[in-house]
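J.: Could you look at this predicted model? Sequence included:
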Amino acid sequence: MEMMMMVLLVSAAAQLVSPAPRKQNLNLNHIINLVAEIRKNITQEFFVEDVTALADNGCKNDFLCKVESILQSHGKEETLVRNLGTYIQSLNVNCTKELEKVPKSEVSKPVTNLLQQLDRCSKWLNFNAQSSSSN
């Protein structure tokens, strides 16, 4: 009986110490799902500005704004652009100012690379439950 009580106490203490699950962002969940669907169904590959360096720099606001700008300029994936824009707005980010600081990449890569980077960053941001991603 004492052993059972000890196990219960240890279990209760472990639950108190373990971090609570973080609230995920619904727009990021939509973005993750849309990216997966688009990547699976893409029929025409086109090249866009490389965003790998921005993604590797921490998936910050400049990355999100750049991806939105690229996708808008190509007139592709309106639903994805809308969800990304909604997420950016929730962060109170001024993309015009953010993009002034971002040099244009001289490298072009297939749009699937951009989608891969967006998927990776969206998952990272969602896992870390970022309410703002500062530069």
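T.: Right, received. Where do you want to start?

J.: From here on, just use CA atoms for contacts and neighbour counts.
T.: Will do.

J.: I'd like the mean pLDDT over stretch 101-112, please.
T.: Averaged across stretch 101-112, the pLDDT comes to 92.

J.: any idea how far Ser105 lies from Cys59?
T.: Between Ser105 and Cys59 the distance is 16 Å, computed by CA to CA, to the nearest Å.

J.: quick one: which of those two has more around it?
T.: Comparing Ser105 with Cys59 by other CA atoms under 10 Å, the one with more neighbours is Cys59, at 22 against 12.

J.: Make sure that one is actually in contact with Asp119.
T.: No - contact criterion CA atoms under 8 Å: Cys59 and Asp119 do not qualify, at 10.6 Å.

J.: In contact with the spatially most central residue of the chain, which residues?
T.: Centroid-nearest residue in the chain, with CA atoms, centre = their mean: Ser122, separated by 1.7 Å. Ser122 is in contact with Leu28, Asn29, Ile31, Ile32, counting by CA atoms under 8 Å, 6 or more residues apart in numbering.

J.: Repeat that for Cys121.
T.: Contacts of Cys121 (CA under 8 Å, 6+ apart): Ala55, Cys59.

J.: Assumed it was part of a strand.
T.: No - remark: Cys121 does not belong to a strand; assigned using DSSP: H, G, I helix; E, B strand; the rest coil, it is helix.

J.: Brilliant, that's me finished.
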